[in-house]
Every structure is written in structure tokens, then in C-alpha cells.
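Student: For reference, the sequence and a predicted model appear below.
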Amino acid sequence: MQVRGLLLLLLALILLAATAEAGKNKKEKVKKDGSECEDWRWGPCVPNSKDCGLGYREGACKDESKKLKCKIPCNWKKKFGADCKYKFESWGACSAQTGVKTRSGILKKALYNAQCEEIVYVTKPCSSKIKSKSKAKKGKGKD
């Protein structure tokens, strides 16, 4: 019985050592990207076709260059670029003179060293429909 317990303990130690070694190898692979360079300059994401979808971004650092896969959402604000992320305020009131509403956005994050404006303004046409907050309930009540 003692031999069996000793064998189980030995087997558990071997498994523990093997999993620890496998974890160490994974960490080493994550750290190595094949480059010692730390000052990468990345270009904009260029879609493979049309103006949105999957594409690539080129980067350069000293003598090295790389291409990374990237994606431009098809609903992005083309005027600002897909790498500039903004926090937008609520839409303003509709201007009777111009027929548009306006709101501003403050830069939240610039990805891949993108050149972004600190504040941007967007407009959209005023809605011609008047939305009501509550809908009338029909047929389910006492007259």
C-alpha cells in the first residue's frame, strides 16, 4: 500500500513539473516577436478592397518593417479615421436655419500613433418625424 502511495506522489510531481515547464515555454514565445526594436511607427489601416473591412497596416522601426492585419468597421466615421476614438456629447437642438443638428467629440484614444484632432464636430440632418414618448394602448382597457 505504501508503494502505491509513493508511486502516485511521484506521478503527481512529474505532472506538476511538466505543466510548469510548458507554461514557461508559452511565456517565452509571447515575449519574442522577432524584433528588438521598441520605437515602431505604424501607418493607417488600409482595407484590402473598397473602404472598409479586413486590411493591413505597415510599420517601420529603424531598418525593419512589418505588416499587421487590421479591420476597419464599415460604419466608421471616415472623416476622423478608424484609429481615432472620440467620446461624443449628446446631439444638440435642431437648427431651423440649416436643418441639421450638431455634436462634438473629444479625443479619447489615438491608436498606432495616429495623428488625430483633439475636438471634432459632426452634423446630421434633423428628423422630419416627431417621436412620441408613449404609444397609445388600444383595445385593452375599460371604456
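Tutor: Thanks, I have the structure now. Numbers count the residues shown, from 1 in each chain.
Student: how about the residue nearest to residue 93 when sequence neighbours are not counted, what does it touch?
Tutor: Nearest residue to residue 93, sequence neighbours excluded (Cβ to Cβ, 6 or more residues apart in numbering): residue 101, at 6.9 Å. All C-beta spots, glycine's among them, are computed from the backbone N, C-alpha and C. Taking Cβ atoms under 8 Å, 6 or more residues apart in numbering as the contact definition, residue 101 lies against 91-95, 123-126.
Student: Just list whatever residues bridge to residue 101.
Tutor: With DSSP bridges as the criterion, residue 101 is bridged to residue 124.
Student: Could you measure from it over to residue 65?
Tutor: When distance is defined by Cβ to Cβ, to the nearest Å, residue 101 is 44 Å away from residue 65.
Student: Show me where the protein has its strands.
Tutor: Assigned by DSSP state E, the chain shows strands spanning 41-42, 46-47, 53-61, 64-72, 84-88, 100-110, 119-125.
Student: and the spatially closest residue to residue 116 that is not a sequence neighbour, how many neighbours does it have?
Tutor: Counting by Cβ to Cβ, 6+ apart, residue 116 lies nearest to residue 84, which is 3.7 Å off, once chain neighbours are set aside. A total of 20 residues lie near residue 84 under the criterion other Cβ atoms under 10 Å.
Student: now residue 56: how far from residue 86?
Tutor: Applying Cβ to Cβ to residue 56 and residue 86 gives a distance of 24 Å.
Student: Name the residue in those two with the higher neighbour count.
Tutor: Applying other Cβ under 10 Å to residue 56 and residue 86 shows that residue 86 carries more neighbours, namely 18 against 14.
Student: and that one, what does it touch?
Tutor: Per Cβ under 8 Å, 6+ apart, neighbours of residue 86: 80, 105-108, 120.
Student: Between the residues you listed, which sits nearest residue 69?
Tutor: Using Cβ to Cβ, residue 80 comes nearest to residue 69 of the contacts of residue 86, at 21.7 Å.
Student: Domain parsing of the chain, as residue ranges.
Tutor: Following the assignment in the TED database, the chain carries domains at 37-72, 74-128.
Student: Would you mind measuring the gap between the ends of the first one?
Tutor: Spelled out, it's domain 37-72. 26 Å (Cα to Cα, to the nearest Å).
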